[in-house]
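Enquirer: My questions concern the predicted model and sequence given below.
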Amino acid sequence: MFFRPAECVCVKENMELWAIRKDGQLDPLLPPLATQRIFDYVLVAHKTDEEEDFQKAERQKAFIQQLQKKRITVVRVVHDDKVFFGLRASNEIFEEYKYLLKVSDSCNWCGDEKGSITQATRIQIVHFILHQTFINTGETLKDLLQKDVFETMFCLHERKTQKVLKKKWARWSALFTGQPITDVKCYFGEKVALYYLWLGWYTKLLVPAAVLGLVVFLYGLAFFRTNPLIKEVCESGIIMCPRCDKRCSVWKLSDTCAYAKISHLFDNEGTVAFAMFMAIWATLFLELWKRHRARHVSQWKVYDWCEEEEELILEIVNDPDCQPKEFRHSYIRSTVVLILVTLMLMLIIGLAQALVVFRVVAAPLMSEGSMEFMRDHANTMAVMLGAILHYITIQVMTRVNRWVSLKLCEIEETRSFAATERSFTVKMFTFQFFTLFSSLFYVAFFLGRINGHPGNYVRISIWRLEECHPSGCLTDLFIQMAVIMLLKQTLNNIFEFTVPWLKLCLRKKKAKKLQRKCGHCYRRACHDENKNKEPCDICKLQDWLRNYHMTDTNAFSLFNEFLEMVVQFSFTTIFVAAFPLAPLLALINNIFEIRLDAIKMVSLERRMIPKKTKDIGIWTKVLEAIGVLAVIANGLVIGVSSDFIPRLVYRYLYGPCATGATHTHCMEGYINDTLSLANMMDPAIQKDFLPAQMIIDDNVTVTQCSYRDYRSNDDYTLTAQFWLVLAVRFAFVILFEHVVVVCKFIAAWFVPGCPMWVKNDRLKDKMKRLKEELK
């Protein structure tokens, strides 16, 4: 008899299999068997008529026979139009698995040698055997599921453990309590436990980032009214050039006072320090996570676990005469995959350009509309509509990206599921990253910089490219990020929870009907759990149907959760200079996300297949790549997108303080300094602007207007100030990135990836085991 480790919630019962004779008496089919009452797995098939669907029935029978040859007991129960097959593996299988772990090089037995195989490990082993079982036609379970020989398959929730997890973890009232990670590991396996461990650690370390981001936001709010730049815009009498062709007229800079105030909230001196902090924070987060992970996997005895050896052990348990799957590499397949990935990325970038065209076309059309509000805020409306359209594109392309990634993995013909999962993760994240960030990169680094100037505008067909507001381009990036982040997190969480909840509610009627029927069963074995007897068919079905009606899970269910959080991590770090509140939004979301995922996994979804692992796999490399990209992106956002550098140059070289003035603010006159004049007497200007467009609100015709650029008022050539600002921008970007990268390396060196006490414990544990083997 096996016992679970002390930290795991377990149920210990004896079971017997009985048959009902014609006279109503009971005969034992097998001698009493000491085993778990719960079944390891359940297969479900549609009830078929052998005469009408002979081939399907024969395949079904052949697969069941193959399982029985592999020492798996099969219990068949018919309910309405469904046939349920309860699967329970022999204890001999787990003894072999346990012994092979002990003698392996890396996967030495996890825990006490006299301990039991946990139900999570039983499910993992049976799951592997099911997928490595073939019938005489060469078809696997995957093929049989696709051909509707079997409808579905699932492992069962353990009722007692499920209740414990609901009480301690999977409930909304536990929002601000810790997570029982060890219990989660015992029930769902190490892979799921490491996801929640990582998510909890990420959420905890978001607290200082969220606080500092809020401080930066409040800093901008504190000088909201006294900032000289805002005052200059709001009290300005400068006449600006028309925003579009034909129907747009000249406008006063003071009309955009509110826009200038919003810009200052996210484009001030504090964002520079905050961006540098977040770049270093990303490195510290990863290094501290490695230490946090090492402590837990050491306690779980999987620190030295090896994926390849685990796979070999499972293959031998499944088939002692098996041959190892050899590693292979095909340059032809790799070339084909590389070409297809490149084409897919070009398509995604093309969609981003289509969004740019939409904004270019939408802004002038709204400027020419009949609604006064839309005309006055055409550019802002175009940005918001573009962000919403971008969100819709993300939802559609997520499904396309998933399908393409799976097909590319099929072309690669990877050696194992773990290799397929790694390959799929890299491809899917790359596609999602380009889908999410292509439009943001345009807004951050190209918007307002390639649109030309009066007399020489850059156009797409007949429409002019967009321009930035005189207060800067960072607000456009902020709007784009805020809309996408809020929509993505809020709507995803709503659908993620409500869809499985509604499905479960709609399916509960059948389960209730069966529960009432069970009241007519008089076998004591069905009601007395201490008797350790096999339940009757109705009691089996009561549990099986409860799991059957839950939302299905698959091998990529946990991947979806990781992808959602890693994408959020990208938003939180890459363009944080434009959106200091991103960490705060991420923190609030994650507090609810942990409980939402827990409730979903424990109460609404079928039990996820437990997987053994020692880290979060390829996601660590992805997070490291995001950390490096965050340094580059934030340096470019501050140096190129924001007005930090032009303001710095003006303060020390062109402003009042540079000339020795002491009676005025150093930034006074900055807005006017960044504007150039277009003269209507110039023939090139007359081609772009009609006379009717140069009439201001009080029916006064203006002869010149201003636009944002460093150009000469005579021949429209770039001024020396433009080239100086450009040089300082690039110098800042290089300096910023080198300083932050050095700080990242120092932080990575300063914080060891594994605590010393973990290394010492492993050393003592190995010494102890070697001495015991010698005895």
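Expert: Cool, the structure landed. Numbering: from 1, shown residues only.
Enquirer: Could you list the low-pLDDT ranges of the stretch 201-350 of the chain?
Expert: For the stretch 201-350 of the chain, no stretch has pLDDT under 70.
Enquirer: Tell me where it has helices.
Expert: 228-234, 257-266, 269-299, 307-318, 331-367 (DSSP state H, counting those that start in this stretch).
Enquirer: How about residues contacting the first one?
Expert: This points to helix 228-234. Residues from elsewhere that reach helix 228-234 (C-beta atoms under 8 Å, 6 or more residues apart in numbering): 224, 253-254, 256-257, 260-261, 264, 470-471, 647, 665, 667-672. The C-beta positions use only the backbone N, C-alpha and C, and glycine is treated the same way.
Enquirer: any idea which element the residue most central in space within the chain lies in?
Expert: Taking C-alpha atoms, centre = their mean, the centroid of the chain lies closest to residue 564, which sits 1.8 Å from it. If you go by DSSP states H and E, residue 564 is part of helix 557-574.
Enquirer: State the mean pLDDT of that helix.
Expert: In this model, helix 557-574 has a mean pLDDT of 89.
Enquirer: Equivalent analysis for stretch 58-74, please.
Expert: 91.
Enquirer: heads up, I number from 271, so please use that
Expert: Noted, 271 is the first residue going forward, which turns the last one into stretch 328-344.
Enquirer: Going by neighbour count, list what's buried in that stretch.
Expert: Neighbour counts over stretch 328-344 (16 or more other C-beta atoms under 10 Å) mark 329-330, 332-334, 336-337, 340, 342-343 as buried.
Enquirer: returning to that earlier point: skipping adjacent residues, who's closest to the residue nearest to the centre of the chain in space?
Expert: In space, and not counting its chain neighbours, residue 834 is closest to residue 762: 6.7 Å by C-beta to C-beta, 6 or more residues apart in numbering.
Enquirer: ok, how many other residues are close to the one you found?
Expert: 16 (other C-beta atoms under 10 Å).
Enquirer: name the element residue 947 belongs to?
Expert: Using DSSP H and E, the element containing residue 947 is strand 945-949.
Enquirer: Residue 884 contacts residue 572, correct?
Expert: Yes - Residue 884 lies in contact with residue 572 (C-beta atoms under 8 Å); the separation is 4.9 Å.
Enquirer: so where do the helices sit in the stretch 821-970 of the chain?
Expert: Under DSSP H, counting those that start in this stretch, the stretch 821-970 of the chain gives helices at 827-844, 852-869, 889-906, 914-919, 940-943, 953-958.
Enquirer: can you list those in a markdown table and add distance to residue 478?
Expert: Supplementary listing: the helices of the stretch 821-970 of the chain in a markdown table, determined by distance: least, C-beta to C-beta, whole Å:
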| stretch | distance to residue 478 |
| --- | --- |
| helix 827-844 | 13 |
| helix 852-869 | 9 |
| helix 889-906 | 16 |
| helix 914-919 | 23 |
| helix 940-943 | 33 |
| helix 953-958 | 51 |
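Enquirer: Of those, which shows the lowest average pLDDT?
Expert: helix 953-958 (a mean of 85).
Enquirer: hmm, who's touching that helix?
Expert: Residues outside helix 953-958 that contact it (C-beta under 8 Å, 6+ apart): 515, 724-727, 948-950.
Enquirer: coming back round to it: against which helices or strands is the helix or strand the residue nearest to residue 834 falls within packed?
Expert: Assigned by DSSP H and E, residue 762 falls within helix 744-787. Applying 3 or more C-beta pairs under 8 Å, 6 or more residues apart in numbering; DSSP states H and E, we find helix 744-787 packed against helix 527-536, helix 648-682, helix 687-715, helix 807-818, helix 827-844, helix 852-869.
Enquirer: quick one: average confidence on it?
Expert: Averaging pLDDT along helix 744-787 yields 71.
Enquirer: what angle separates that helix from helix 852-869?
Expert: Angle of helix 744-787 versus helix 852-869, following axes from the mean of the first three to the mean of the last three C-alpha atoms, to 10 degrees, is 10 degrees.
Enquirer: follow-up on the earlier one: among the contacts of helix 953-958, the buried ones, what's the ChimeraX command?
Expert: In ChimeraX syntax, the buried subset of the contacts of helix 953-958 is picked out as below (16+ other C-beta under 10 Å):
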select :515,724,725,948,950
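Enquirer: hang on, the earlier thing: same list, the helices and strands packed on helix 744-787, but as JSON lines with distance to residue 735 please.
Expert: Listed next are the helices and strands packed on helix 744-787 as JSON lines, based on distance: least, C-beta to C-beta, whole Å:
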{"stretch": "helix 527-536", "distance to residue 735": "19"}
{"stretch": "helix 648-682", "distance to residue 735": "12"}
{"stretch": "helix 687-715", "distance to residue 735": "11"}
{"stretch": "helix 807-818", "distance to residue 735": "57"}
{"stretch": "helix 827-844", "distance to residue 735": "24"}
{"stretch": "helix 852-869", "distance to residue 735": "28"}
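Enquirer: Between these, which one is closest to residue 589.
Expert: helix 687-715 (16.9 Å; C-beta to C-beta).
Enquirer: and the angle for the closest one with helix 889-906?
Expert: 10 degrees.
Enquirer: which secondary structure elements does helix 687-715 contact?
Expert: So helix 687-715, by 3+ C-beta pairs under 8 Å, 6+ apart, packs with helix 601-637, helix 648-682, helix 744-787, helix 827-844, helix 889-906.
Enquirer: can I get the ones you listed in CSV with distance to residue 855?
Expert: CSV is the format used below for the helices and strands packed on helix 687-715 (distance: least, C-beta to C-beta, whole Å):
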stretch, distance to residue 855
helix 601-637, 23
helix 648-682, 15
helix 744-787, 6
helix 827-844, 8
helix 889-906, 17
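Enquirer: which one of these lies closest to residue 409?
Expert: Per C-beta to C-beta, nearest to residue 409 of these: helix 648-682, 17.3 Å.
Enquirer: Which secondary structure elements does that closest one sit against?
Expert: Where contact means 3+ C-beta pairs under 8 Å, 6+ apart, helix 648-682 is packed against helix 601-637, helix 687-715, helix 744-787.
Enquirer: follow-up on the earlier one: hey, what's in contact with both of residue 884 and residue 572?
Expert: Common neighbours of residue 884 and residue 572 (C-beta under 8 Å, 6+ apart) are residue 460.
Enquirer: circling back: quick check on the contacts of helix 498-504: which are buried?
Expert: Applying 16+ other C-beta under 10 Å to those flags 523, 526-527, 530-531, 534, 740-741, 917, 935, 937-941 as buried.
Enquirer: Widest-spaced pair of those?
Expert: 526 and 935 (20.9 Å).
Enquirer: Okay, the residue nearest to residue 1002 when sequence neighbours are not counted and residue 980: tell me how far apart.
Expert: Excluding its sequence neighbours, the residue lying closest to residue 1002 (C-beta to C-beta, 6+ apart) is residue 909, at 4.4 Å. Using C-beta to C-beta, to the nearest Å, residue 909 is found at 16 Å from residue 980.
Enquirer: Looking at these two, which one has more neighbours?
Expert: The neighbour comparison of residue 909 against residue 980 (other C-beta under 10 Å) goes to residue 909, with 22 against 18.
Enquirer: My guess is the more buried one contacts residue 1005. True?
Expert: No - distance between residue 909 and residue 1005: 9.1 Å, which falls outside the contact criterion (C-beta under 8 Å).
Enquirer: ok now do the closest residue to residue 454 other than its chain neighbours, which residues does it touch?
Expert: Residue nearest to residue 454 in three dimensions, not counting chain neighbours: residue 463, with 4.6 Å by C-beta to C-beta, 6+ apart. Residues near residue 463 by C-beta under 8 Å, 6+ apart: 451-452, 454-455, 566, 570.
Enquirer: so how many other residues sit close to residue 439?
Expert: Around residue 439 there are 22 residues (other C-beta under 10 Å).
Enquirer: what pLDDT does it get?
Expert: pLDDT at residue 439 comes out at 91.
Enquirer: Could you do residue 377 as well?
Expert: pLDDT, read off for residue 377, is 57.
Enquirer: sec struct for residue 358, please.
Expert: Under DSSP: H, G, I helix; E, B strand; the rest coil, residue 358 falls in the strand class.
Enquirer: And residue 985, by the same measure?
Expert: Three-state assignment for residue 985 (three-state DSSP): coil.
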